[in-house]
Structures are given as structure tokens and as C-alpha cells.
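Asks: missing the sequence, but the structure's below:
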């Protein structure tokens, strides 16, 4: 018979899995939107029905100008800043990439707190901390240098988030993962803010 402590652990595991599932579902929705836009572009170029080969094109294979047309985040499209939106379309802030650094700034008038879940528990402790740990392991084997290890910092006024900066994100795949995780986390935080 399970103890109360075991049950609490299982409930926590289930909640964590549910959070991760929702985050992945949000990412899948982003990818589906990207594929739909690609299909539209293909039809405009003269194909009446995109073949399966064309339907399988990934957003990362788009040219930079096509990313801009359909809103996919790449280093090129967010060099000048790109908005992070909630599910209802509300702009939550802007994300900007400069070299190998990502900077997120909340929209003026929105107060995101470091203590509001899932900012610390998911975005910082699970996503970014895991990436940093992975890089530290790679650094110990000589695959990358210590200077290339991902790091991040939160500038806050008390608990109010001013900026989140990620250094050494290293590549478009991680950029997409960080952007997607950030969007999902902020959307959850915004939902909690609206409910009071």
C-alpha cells in the first residue's frame, strides 16, 4: 500500500508530465500552422494539391523571407525583435536575438512575477537548467568550451521580471525550443494573472 509521500510524488510527476504535454502540444500547433502556410505558398506557386513530400517540409527548411511571411521564429526574423503572443493573441512581450544571445522583455503594462508558475519550475529549472547541464557535460568531454555553455539570467525588480537573457543558446533548434517554452510559460502566467 502506497504511503502518503508516495502518492504526493506520483501526483507531482503527473502534474509535471501534464505541463510538458501541454507545452509539446503548443509546439505542435505552431508547427502545423507553419506547414499550413507552406502549403498555401506551394499552391500559389502552381501546385493545386501539395504532394506528401512537400507537406513534410519542416519550418526550419524555409528561406528567411518565407519565415517572415508566416511568423516562424528564426535568428533572422527576430534579430529586430519578434512578439510573444498568448493563445488569445495578446502580445506578452518581445524576444530579440543578437549573435548567440536571446533577450525577452515583457510588454509594458504586464507584470510577470518570478514566483508565478511555471516560470521557475518549468522554464528555468526544467528547460534552461537542463540545457545548461547538457552543455556542462559536453564541456567536460571537450566537445565544447566552457565559454560556450548555455547560461541565463533574470533581471527583476523585486519579483517583477524586467528581462530574461539566455547566452549561448547554440543553434536554431534550441532557439525554437526556448521560444516555444517561453511562449507556453508566459501564456500560463498570463492566464493566472487574468484570473487574479
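Replies: Cool, the structure landed. Note that the structure is a prediction, hence the values are computed from the model and not measured.

Asks: Could you check the pLDDT of the nearest residue to residue 23 once chain neighbours are set aside?
Replies: Using CB to CB, 6 or more residues apart in numbering and skipping the chain neighbours, the partner closest in space to residue 23 is residue 184 (4.4 Å). Just so you know, the C-beta spots here come from the backbone N, C-alpha and C atoms, and that holds for glycine as well. pLDDT recorded at residue 184 is 93.

Asks: quick one: contacts for residue 184?
Replies: Residue 184 makes contact with 22-23, 26-27, according to CB atoms under 8 Å, 6 or more residues apart in numbering.

Asks: Check the gap between it and residue 127 for me.
Replies: The gap separating residue 184 from residue 127 is 10 Å, by CB to CB, to the nearest Å.

Asks: same question, residue 90
Replies: Residue 90 sits 22 Å away from residue 127, taking CB to CB as the criterion.

Asks: Looking at these two, which one has more neighbours?
Replies: residue 127 (23 against 15; other CB atoms under 10 Å).

Asks: Which phi and psi values does that one adopt?
Replies: phi -80, psi -60 (degrees, to the nearest 10).

Asks: the strands in the protein, which residues?
Replies: Remark: strands assigned in the chain by DSSP state E are 82-85, 91-98, 101-106, 151-157, 160-167.

Asks: just to revisit the earlier point, drop anything exposed from the contacts of residue 184.
Replies: The neighbour-count test (16 or more other CB atoms under 10 Å) marks 23, 26-27 as buried among the contacts of residue 184.

Asks: contacting residues for residue 135?
Replies: Counting by CB under 8 Å, 6+ apart, residue 135 touches 144, 148-150, 168, 170.

Asks: Using the record's assignment, carve this structure into domains.
Replies: 1-72, 74-196 (automatic domain parsing).

Asks: Return the most buried member of the ones you listed.
Replies: domain 74-196 (a mean of 16; mean count of other CB atoms under 10 Å).

Asks: before we move on, the earlier item: the contacts of residue 184 in helices, which ones?
Replies: Mapping the contacts of residue 184 onto helices (DSSP state H) picks out 22-23, 26-27.

Asks: Out of those, flag the one nearest to residue 190.
Replies: When those are compared for distance to residue 190 (CB to CB), residue 26 wins out at 13.2 Å.
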